[in-house]
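Trainee: fold the stuff below for me.
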Amino acid sequence: MTWSGTLLHIHIAPRGGAPMEALPEARLLEGQGIEGDRYLLGTGTYSPKPQRERQVTLIEVETLEALARDHALELAPHEHRRNLTVRGVPLNHLVGQRFRVGEAVLEGIRLNVPCQYLDDLLGRRLFKPLTNRSGLNCIILRGGVIRPGDVLAPDGV
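Mentor: Below is the predicted model:
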């Protein structure tokens, strides 16, 4: 599979339910998560049920555009609770695949599943419109610094 995409936004939160903070760059720690993020710190909403694939989460900006177009639902990059917003990346096809972003290498582990928590937190009905396009949960195989504008591509390309 040949593709190339772009990292648009990086967001973290220090704890579950806290507002997401935009970052000009982030350090991904191999096998752990994003420096300063709730799931690395063990303070996320789902931290009591640890899953290694919560190290970093991605969502396509095309999904946000489709929500606005098809459902009249505006969802800004700081609202969706995923760490990385990307363009041109076929996230649904990257389960079990390795890919690069900036200095880091990630592996897609499972598709993110929408949850009632996001609906409750934002006061919007997003569960159904986000079904099958709620992003990708990944592990960090090689850490490094990432920045908006970095290219995402299959590892080894």
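Trainee: what are the ranges of the strands in this structure?
Mentor: 5-12, 21-22, 26-29, 33-34, 56-60, 84-87, 98-101, 104-111, 136-142, 144-146, 151-154 (DSSP state E).
Trainee: which neighbouring elements make contact with the last one?
Mentor: Other elements packing on strand 151-154 under the criterion 3 or more CB pairs under 8 Å, 6 or more residues apart in numbering; DSSP states H and E are strand 5-12, strand 98-101. No exception for glycine: its C-beta is placed from N, CA and C like everyone else's.
Trainee: and with 6 Å instead?
Mentor: Secondary-structure packing of strand 151-154 (3 or more CB pairs under 6 Å, 6 or more residues apart in numbering; DSSP states H and E): strand 98-101.
Trainee: same thing with the first one?
Mentor: Counting contacts by 3+ CB pairs under 6 Å, 6+ apart, the secondary-structure elements packed against strand 5-12 are strand 84-87.
Trainee: adding mean neighbour count and distance to Thr43, write the strands of the chain out as a markdown table.
Mentor: Listed next are those as a markdown table, based on neighbours: other CB atoms under 10 Å; distance: least, CB to CB, whole Å:
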| stretch | mean neighbour count | distance to Thr43 |
| --- | --- | --- |
| strand 5-12 | 20 | 11 |
| strand 21-22 | 12 | 14 |
| strand 26-29 | 21 | 16 |
| strand 33-34 | 25 | 11 |
| strand 56-60 | 24 | 16 |
| strand 84-87 | 22 | 19 |
| strand 98-101 | 22 | 24 |
| strand 104-111 | 19 | 21 |
| strand 136-142 | 22 | 18 |
| strand 144-146 | 18 | 22 |
| strand 151-154 | 17 | 27 |
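Trainee: Serialize the ones you listed to a markdown table and add fields for distance to Arg69.
Mentor: Formatted as a markdown table, the strands of the chain follow (distance: least, CB to CB, whole Å):
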| stretch | distance to Arg69 |
| --- | --- |
| strand 5-12 | 18 |
| strand 21-22 | 24 |
| strand 26-29 | 29 |
| strand 33-34 | 30 |
| strand 56-60 | 14 |
| strand 84-87 | 15 |
| strand 98-101 | 26 |
| strand 104-111 | 22 |
| strand 136-142 | 21 |
| strand 144-146 | 28 |
| strand 151-154 | 23 |
